[in-house]
Structure formats: structure tokens, C-alpha cells
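Novice: requesting a structural model of the entry that follows:
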Amino acid sequence: MRILIANDDGYLAPGLAALVRAIEGLGEIDVIAPEQNASGTSNSLTLGRPLQVYKAANGFHYVSGTPSDSVHLAMTGVLPHRPDLVLSGINNGANMGDDTLYSGTVAAAMEGFLFGVPAIAFSQVQRGWEHLDAAARVARSVVEQVLALPLDGRPFLLNVNIPNRPDADQLPRKLTRLGRRHASEPAIRQTNPRGETIYWIGPAGDAREAGEGTDFHATASGCVSITPLQVDLTDHAALPAWREALGTVA
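Specialist: Prediction:
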């Protein structure tokens, strides 16, 4: 078993080190992660400049790019072999609902999935790394469960969100769907030392669709949320209406 581990908080993040320690013994581990924090970069690839890959003193490799860059390079030339499993995290904060579209953590796992490799993204619900050791035990257990399943060979993409609790590894686990958030809070306007106006992206909005069955509801109820994801964004249910509206025949 060859396991590739990445993240979006950077190669020095405590969550990455905790995930690597938790997975030790399950296979041959390679770590390739961004050099800097790359949260919110989604699935972006760096195309306008060359990328560099370095090896840190702890054996981890780090890339002068995004989470997707890290996994993409691992798949297409940096590693001498193809991994059997891609893991991403443990992220410093939740990746639920609409957040998954922006998440570099989910994107790193998704990049593996796009290459046909099973992948799992792990995140803690609250920022700050509290009870990270318990979250790492959850990650180990989920990976062990998945590897023990009689899978049919098709890749999968799982998004796991773990409450920051010392007993996280004892909490129930629920299969969930993505919830929805309200629109983001207003941008924060400031003036820099040169007198120029600058803006910070505002905080994420509150949960809008957080009913039973969603990732928001599961974690708020003290459960670990596990959401199977897919890449197909097609609105299949709306296709007939659009064919009629636009006059297409096929």
C-alpha cells in the first residue's frame, strides 16, 4: 500500500504531521504539500510560472504552489510510483457545505480522485488544533475501515469533518450530504499605510441548510461527518427544461 498525504495548511502544519503519524504502519507514505498556507485555493493549478519541489529535514516534500499542484506533480513525475490512496489534512477548520468548493484540503484529495485514485479529506470542525490527537485517531480508524471494505476498484472521494473533542474517536459517525451556507459576510475595508484602500474577504456566512442528514447537523450533534463527493456538477434534473427552453433537439 502506497499512501500519498497532502494538505492546504502547508508542510509545517500540525495537522499534516498528526495525520502522517496516525497513518504510519498502513503502508509506504509519501508527503508532498504546499510550502505556504494555501487555504481557499480550491482546485487551482499554477500554470504561469514553474514550480519547485524541495525536501525538508523531516523528509516531507514541499511545493512552491497549491494543494492541487502538490498532488498533480506527485502523480505526474515527482513520485517514482503511483499511490494507492491519497489523504489530505488534517485541516485547521471545517470543510462542509459550500466550503468544499473553495477548500484546498478537499481539492488535494480531489486531484487524486481525478487521477483515478481513492482519496479522503480530513478536517477538524473548529480552528486551533484542539484535540488534534483524537482527530488523528479518527483518521486512522476511517482509513482502516475503508481499506477493509470489498471495494470494486473504482475510485472514491470522501470528505470527513471531525468535532474538536478529546473523545472524537468514540463519537458516532454519520454518512451525510453537503449542507448550504448563507452568503458570505461583507468584505472588510481598510486603509494600508500608504493610504490606499484594501479589502479582506469577509467571514463565511452561517449555515442556511443544516437539517438532519447534512454535514452541519451531524457535527453539531456531536458526530463525525463523512460525505461521499463527486466531481460531476451537471444539473441533470434541469436538462429537459433547458433543452425545451433553448430549443435544442439532442
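Novice: where does the residue nearest the centre of the chain land on pLDDT?
Specialist: Centroid check for the chain by C-alpha atoms, centre = their mean gives Val106 as the closest residue, at 2.2 Å. For Val106, the pLDDT comes out at 97.
Novice: got it, and Glu185?
Specialist: For Glu185, the pLDDT comes out at 83.
Novice: does it touch Gly205 like I think?
Specialist: Yes - applying C-beta atoms under 8 Å as the test, Glu185 and Gly205 come out as touching, 6.2 Å apart. C-beta coordinates here come from the backbone N, C-alpha and C atoms, glycine included.
Novice: returning to what we had before: mind giving me the packing neighbours of the helix or strand encompassing the residue nearest to the centre of the chain?
Specialist: Counting by DSSP states H and E, the element that carries Val106 is helix 104-114. Applying 3 or more C-beta pairs under 8 Å, 6 or more residues apart in numbering; DSSP states H and E, one finds that helix 104-114 contacts strand 2-6, helix 67-73, strand 85-91, strand 119-124, strand 157-162.
Novice: let's see 10 Å
Specialist: Contacts defined by 3 or more C-beta pairs under 10 Å, 6 or more residues apart in numbering; DSSP states H and E place helix 104-114 against strand 2-6, strand 28-34, helix 67-73, strand 85-91, helix 99-102, strand 119-124, strand 157-162.
Novice: now the ones you listed in TSV, with mean neighbour count and distance to Leu12?
Specialist: Below are the helices and strands packed on helix 104-114 laid out as TSV (neighbours: other C-beta atoms under 10 Å; distance: least, C-beta to C-beta, whole Å):
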stretch	mean neighbour count	distance to Leu12
strand 2-6	24	14
strand 28-34	22	9
helix 67-73	27	14
strand 85-91	29	14
helix 99-102	18	22
strand 119-124	29	17
strand 157-162	26	21
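Novice: weakest of these by average pLDDT?
Specialist: helix 99-102 (a mean of 91).
Novice: could you list every helix and strand in contact with it?
Specialist: Going by 3+ C-beta pairs under 10 Å, 6+ apart, helix 99-102 lies up against helix 104-114, strand 119-124, strand 157-162.
Novice: still on that earlier bit, any idea how far Gly89 is from the residue nearest to the centre of the chain?
Specialist: According to C-beta to C-beta, to the nearest Å, Val106 stands 9 Å off from Gly89.
Novice: shared neighbours, these two?
Specialist: Asp8, Asn95, Ala121, Ser123, Asn159 (C-beta atoms under 10 Å, 6 or more residues apart in numbering).
Novice: ok, so of these, who is nearest Phe60?
Specialist: Asp8 (14.3 Å; C-beta to C-beta).
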